[in-house]
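[1] Turn this into a structure:
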Amino acid sequence: MSFFLRRIQLTGGSTYIVSLPKSWAEAANLKPGDYVQLIPQPDSTLLLIPRQKPGEQLEARITATPENRPEELARELIACYLAGYDVIRVGFMGDVDEFKPYLKNLMRAKLIGLESIEESANHMLIRCLVGHVDFPIKEVLNRMHLMTLSMCRDALKALKEGDESLANDVVQRDDEVDRFYLFCVRQLKAAVENALLMRELGLKSPRECLGYRLIIKSIERIADHATSIASQIPLVKARRNSPIMEGVIELGGAALSIYEKAMESVFKMNLKQANRLILEVESLESLENGLVKRISESKLNMEAAVGLRLIVESLKRIAEYGADIAEIVINLAIKS
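    Residues are numbered from 1 along each chain as shown. Alright, predicted model coming up:
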């Protein structure tokens, strides 16, 4: 990587000045009289940002052919979305009529802000209508957390009551969590690349962006496990008031408590609470082992036993993801 060395000069008896490299200024389209923004960094460096060009938008192009599968095109669209493109032009070549409705369903189900605003037989213009600062990262994080917590609680309630309708509803809600997850990733990627945007989103450093990236991934995985629990409920035919079922519900309550407290520690940056939660997860191991043993020794049919075993594993993983979140809080709370 090339660098420029400049000598600091004193002007007017009170102001330090340093010249900008001409090649860099020209590449940034800077002219005499333009403003630049100077942002002091935690490591005593100084970040210099050229003035933003009004209305400048990033544009990507995707081409769909009969050789492609709809899933391949979907992955490309999601990648462009996460990379921060504001406009995505999709070209259709040959007989690919099923691609358009597939992409529209994907945008409705998974991608916040993406809308098709122009279409023809062989072209689709997609634009992101939600700006980065319209939806601050911590607000998105909180909504994603509350939705995931609701899924977990309803999955346990459906298990306790044998309510298959509620279990199906939990499964349907997973797409909404995925929408928030992908939107958060888009925000954090943009923030890492743009220090000015980072501050507008309420973040302080790339280190904090990385921490939140890991937290939202843990939340997304917890939602997946809530979905897994719900999907096993039609297969579990154990008596609702049996000792095994009561033990599973007890484990679930403890796991959800750990996750909920972990997120409280995120929003409050509570170091002591985060440390206590990690110890709580370790204490659940004996309860889980006892349940696994009782399930294996029970007279349940194979389908019910396997379903309960998978539910216990998912509850354990929810608690462990809560501990992961607590560890990230500890890392973020310690000043670098």
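[2] alpha carbons only for contacts and neighbour counts from here, please
    Fine.
[3] can you give me the strands for this protein?
    9-11, 15-17, 36-40, 46-50, 59-64, 87-92, 114-120, 123-128 (DSSP state E).
[4] Mean pLDDT, distance to residue 226 and mean neighbour count for the ones you listed - can I get that in TSV?
    Formatted as TSV, those follow (pLDDT from 0 to 100; distance: least, Cα to Cα, whole Å; neighbours: other Cα atoms under 10 Å):
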stretch	mean pLDDT	distance to residue 226	mean neighbour count
strand 9-11	81	62	10
strand 15-17	83	58	10
strand 36-40	76	43	12
strand 46-50	77	43	13
strand 59-64	90	35	15
strand 87-92	92	33	20
strand 114-120	90	27	14
strand 123-128	92	30	19
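[5] Compare the ones you listed and report which one is nearest to residue 267.
    Among the strands of the chain, strand 36-40 comes nearest to residue 267, with 25.4 Å by Cα to Cα.
[6] quick check, distance from the closest one to the centre of its chain.
    For strand 36-40, the distance from its own C-alpha centre to the chain's C-alpha centre is 29 Å (Cα atoms, centre = their mean, to the nearest Å).
[7] Show me what that strand is packed against.
    With contacts taken as 3 or more Cα pairs under 8 Å, 6 or more residues apart in numbering; DSSP states H and E, strand 36-40 sits against strand 46-50.
[8] rewinding a little: just tell me which of the strands of the chain ends up closest to residue 224.
    strand 114-120 (23.5 Å).
[9] outside of that closest one, which residues touch it?
    104, 107, 124-130 (Cα atoms under 8 Å, 6 or more residues apart in numbering).
[10] For residue 258, which of the strands of the chain is the nearest?
    The nearest among the strands of the chain, by Cα to Cα, is strand 114-120 at 34.7 Å.
[11] With respect to residue 266, which of the strands of the chain lies nearest?
    Nearest of the strands of the chain (Cα to Cα): strand 36-40, 25.8 Å.
[12] Need the contact partners of that closest one.
    By Cα under 8 Å, 6+ apart, strand 36-40 touches 46-51.
[13] do the same with stretch 138-151
    170, 173, 177, 180-181, 184, 202, 216, 219-220, 222-223, 226-227, 256, 260, 263.
[14] which one is residue 271 nearest to, not counting chain neighbours?
    residue 330 (5.5 Å; Cα to Cα, 6 or more residues apart in numbering).
[15] That neighbour: neighbouring residues, count only.
    20 (other Cα atoms under 10 Å).
[16] got it, and the one 3 residues further on?
    Residues within reach of residue 333, counting by other Cα under 10 Å, total 15.
[17] Which segments of this protein make up each domain?
    9-50, 59-128, 135-333 (automatic domain parsing).
[18] mind exporting stretch 252-259 as PDB, just the C-alpha atoms?
    What follows is stretch 252-259, C-alpha atoms only, in PDB (Å, rounded to 0.1, in the frame of the first residue of the first chain):
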ATOM      1  CA  GLY A 252     -36.700 -24.200  28.000                       C
ATOM      2  CA  GLY A 253     -37.500 -21.700  30.600                       C
ATOM      3  CA  ALA A 254     -33.900 -21.600  31.900                       C
ATOM      4  CA  ALA A 255     -32.600 -21.300  28.300                       C
ATOM      5  CA  LEU A 256     -34.900 -18.400  27.400                       C
ATOM      6  CA  SER A 257     -34.100 -16.600  30.700                       C
ATOM      7  CA  ILE A 258     -30.400 -16.700  29.700                       C
ATOM      8  CA  TYR A 259     -31.100 -15.400  26.200                       C
END
